[in-house]
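Asker: what would the 3D arrangement of this be:
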Amino acid sequence: MAHGRTLAIVGGGFSGSVLACALLTRSAHRYQRLLLIDRGVPGRGLAYAEQAYPLLLNVPAGRMSAEPRQPLDFVHFAQRRLSGAQAHDFLPRALYGDYLQQKLATAARAALPALRLEHVRGEAVALARASPSGWQLLLTDGRRILAHELVLALGNPPPMRLPALEPLEGSSCYVADPWSAPLGFGVEECVLVIGTGLTMADIVTAGMAGAGGRARVHALSRHGLLPPPQTAFTQASLPPMGRRALLEGKPTVRRLVQCVRALAAEHASQGGDWREVIALVRQQAPRLWQGLPPCERRRFLRHARTYWDIHRHRLPEQTHAQLKRLTACGQLQLHAGRLLASGIEGSRVRVRWRPRGAHRDLELRADRIINCTGPDYDVRRSHDPLVRMLLAQGLISADPLGLGMRTGTHGALLDREGRAVPGLYYLGPMLRAAHWECTAAAELRSHAEELAQHLSAPWLERALA
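Answerer: Coordinates of the predicted model:
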């Protein structure tokens, strides 16, 4: 029998939806209402929204199940929609949004009558204690929502504000957030994209399709590296000697880099794929990250992060092949360097930048600039009113390395004194502050299951009463 408690999840993207599904299947004895608060359609978020151009998942369908005990659940769903879909295929993201929506609807129907899922369409802007054991959430339209426990599942924030592009802010020539504008380039348009990672790949492939392939793109980042393609590698087991080499010894970035390189070289010499080694290192990433002292974490972010990211976050083979074709014919030019300044020049924009390793600055003119540097996880720079308010009140605290929010066991949010805030949790990519690898479906699904189990425990109600 339910006890009339309410749980509110702020955010209806992947994290919020998977958590809701997990709770609907196990929590009827604790909750009566499960609120999923989002200004859009639950299950989609920005990542899986309908787009004019069918952006692809960056992970094969066989590794995208929302069901930890049914690894091919998404594949089976896709096969009912797309004839011939296979586990190794990179499928449209909008299809994955359909899948999450169906999972939510199915879980809601299967839940006991005492527990109901409610979608609250709106945006949360403030939070306050309503009682010693509850919260009051304020929405932009003035509505107030009461909940006993609250989970922030806010998803990815927009890119960081770039000082060199501040003179362009407010101009139609500058897109500060690539997901805030339609994905498309004009015919014969010259576009400068800041960043050369996965976001750039999405924007360029979609933009070129909109321009009929008749646009020119310059992509600039510090290292100018294009992510490599995915392959149909298998998930092998790390040999005991390799596991010990990773986990034993002095916890330094230098030793870990040397170890990973050696493991990859050895594996390749035996006919293996280096991507298998990266996947295996990912499994140990939380333990490795937590074992590094703060100075070594800073060293990793300063010297090794770019190279880890470029090998960890890879492209679908067809997307990589398309970008290589654009590069070969000169329509896409990758630049390694540092952005220094910008300005308006008539109807166009002008930027000054310095190539990597050079001593002279260069200028580049374009019709438009798009910031594709990826999400900015430093909550101290957040523009989200709810996050800013929680930070100002000390209910949450920023990771000192700018990787997200500080969290404890089960994603409990830590206040400015480092204490867990009763009844307040976080689920999403900003868990990387504590675990490093927390952006993929498999890892977020695991954290969602752990949090759902914790929230479903009968003892929690007594502890929070």
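Asker: show me the shaky parts of the protein.
Answerer: 1-3, 27-29, 233-242, 459-465 (pLDDT under 70).
Asker: domain map for it?
Answerer: 5-55+92-157+377-464, 163-228+314-371, 240-312 (automatic domain parsing).
Asker: need the winner for burial among those.
Answerer: Ranked by mean neighbour count, the domains of the chain are led by domain 5-55+92-157+377-464 with a mean of 19 (mean count of other CB atoms under 10 Å). Where you see a C-beta, it was placed from the backbone N, CA and C, and this is true even at glycine.
Asker: now the domains of the chain as CSV including distance to residue 69?
Answerer: Shown next, in CSV, are those (distance: least, CB to CB, whole Å):
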stretch, distance to residue 69
domain 5-55+92-157+377-464, 10
domain 163-228+314-371, 27
domain 240-312, 18
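Asker: to residue 79, which of those domains lies closest?
Answerer: domain 5-55+92-157+377-464 (11.1 Å; CB to CB).
Asker: measure how far the closest one is from the centre of its chain, please.
Answerer: Taking CA atoms, centre = their mean, to the nearest Å, one finds the center of domain 5-55+92-157+377-464 at 14 Å from the center of the full chain.
Asker: please renumber so the chain begins at 43
Answerer: Taking 43 as the first residue, the last one we looked at is domain 47-97+134-199+419-506.
Asker: helices of the stretch 143-292 of the chain, residue ranges please.
Answerer: 240-252, 282-289 (DSSP state H, counting those that start in this stretch).
Asker: need the ones you listed in TSV (columns: distance to residue 358).
Answerer: Compiled in TSV, those are given as follows (distance: least, CB to CB, whole Å):
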stretch	distance to residue 358
helix 240-252	9
helix 282-289	28
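Asker: tell me which of those sits nearest to residue 461.
Answerer: Per CB to CB, nearest to residue 461 of those: helix 282-289, 30.3 Å.
Asker: helices of the stretch 343-492 of the chain, residue ranges please.
Answerer: 347-354, 359-370, 427-435, 474-477, 483-498.
Asker: for residue 187, which of those is the nearest?
Answerer: helix 427-435 (12.4 Å).
Asker: that closest one packs against which elements?
Answerer: Identification of packing neighbours for helix 427-435 by 3 or more CB pairs under 8 Å, 6 or more residues apart in numbering; DSSP states H and E yields strand 166-173.
Asker: which secondary structure elements does the longest strand along the chain contact?
Answerer: Counting residues, the longest strand found in the chain (DSSP state E) is strand 374-387. The contact analysis (3+ CB pairs under 8 Å, 6+ apart) places strand 374-387 against strand 258-263, helix 359-370, strand 390-397.
Asker: residue 423 is nearest to which of the ones you listed?
Answerer: Using CB to CB, those put strand 258-263 closest to residue 423, at 19.4 Å.
Asker: pull the residues that contact that closest one.
Answerer: Contact with strand 258-263 is made by 227, 230-239, 242, 246, 249-250, 368, 372-379, 381, 395, 406, 408, 414-415, as judged by CB atoms under 8 Å, 6 or more residues apart in numbering.
Asker: the stretch 193-342 of the chain: strands as residue ranges?
Answerer: 216-217, 232-236, 258-263 (DSSP state E, counting those that start in this stretch).
Asker: in CSV: those strands, plus distance to residue 90.
Answerer: Listed next are those as CSV, based on distance: least, CB to CB, whole Å:
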stretch, distance to residue 90
strand 216-217, 21
strand 232-236, 22
strand 258-263, 25
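Asker: follow-up on the earlier one: in a markdown table: the helices of the stretch 343-492 of the chain, plus distance to residue 108.
Answerer: Shown next, in a markdown table, are these (distance: least, CB to CB, whole Å):
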| stretch | distance to residue 108 |
| --- | --- |
| helix 347-354 | 21 |
| helix 359-370 | 23 |
| helix 427-435 | 26 |
| helix 474-477 | 19 |
| helix 483-498 | 6 |
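Asker: for the ones you listed, which one sits closest to residue 184?
Answerer: Per CB to CB, nearest to residue 184 of the helices of the stretch 343-492 of the chain: helix 427-435, 13.9 Å.
Asker: with respect to residue 442, which of the helices and strands packed on strand 374-387 lies nearest?
Answerer: strand 258-263 (24.9 Å).
Asker: parallel or antiparallel, list what pairs with that closest one.
Answerer: With DSSP bridges as the test, strand 258-263 is paired with strand 232-236 (parallel), strand 374-387 (parallel).
Asker: starting at the chain centroid, how far to the longest one?
Answerer: Computed by CA atoms, centre = their mean, the chain-centroid distance of strand 374-387 equals 26 Å.
Asker: now it and helix 359-370, what's the angle there?
Answerer: On the basis of axes from the mean of the first three to the mean of the last three CA atoms, to 10 degrees, strand 374-387 is oriented at 70 degrees to helix 359-370.
Asker: what's next to strand 374-387, contact-wise?
Answerer: With CB under 8 Å, 6+ apart as the criterion, strand 374-387 contacts 204, 206-207, 209-210, 213, 215, 236, 238, 246, 258-268, 365, 368-369, 391-398, 400, 403-404, 407, 411.
Asker: can you check the shortest one too?
Answerer: Contact partners of strand 232-236, identified using CB under 8 Å, 6+ apart, comprise 204, 207, 227, 242, 245-246, 249, 257-263, 381, 391, 393, 406-415.
Asker: same check, this time on stretch 341-359
Answerer: Residues contacting stretch 341-359 (CB under 8 Å, 6+ apart): 98-100, 132, 239-240, 243, 264-265, 267-273, 294-295, 299, 316-317, 320, 324, 334, 362, 365, 443, 479.
Asker: change it to 6 Å
Answerer: The contact list for stretch 341-359, computed with CB atoms under 6 Å, 6 or more residues apart in numbering, reads 98, 132, 240, 243, 265, 267, 269-272, 295, 299, 320.
Asker: same check on stretch 94-103?
Answerer: Against stretch 94-103 from outside (CB under 6 Å, 6+ apart): 116-117, 120, 129-135, 225, 244, 248, 251, 358.
Asker: right, and the pair among those residues with maximum separation?
Answerer: Top of the distance list for the contacts of stretch 94-103 (CB to CB): 129 and 225, 27.6 Å.
Asker: closest to residue 310 out of the strands of the stretch 193-342 of the chain?
Answerer: Between those, strand 258-263 lies closest to residue 310; by CB to CB that is 26.5 Å.
Asker: and that closest one with helix 347-354, angle?
Answerer: 130 degrees.
Asker: export strand 258-263 as PDB, just CAs?
Answerer: Output of strand 258-263 as PDB, limited to C-alpha atoms (Å, rounded to 0.1, in the frame of the first residue of the first chain):
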ATOM      1  CA  ARG A 258      32.000  25.600 -46.700                       C
ATOM      2  CA  VAL A 259      33.000  24.900 -43.100                       C
ATOM      3  CA  HIS A 260      36.100  25.700 -41.000                       C
ATOM      4  CA  ALA A 261      36.300  23.900 -37.700                       C
ATOM      5  CA  LEU A 262      38.700  25.200 -35.100                       C
ATOM      6  CA  SER A 263      39.800  23.600 -31.800                       C
END
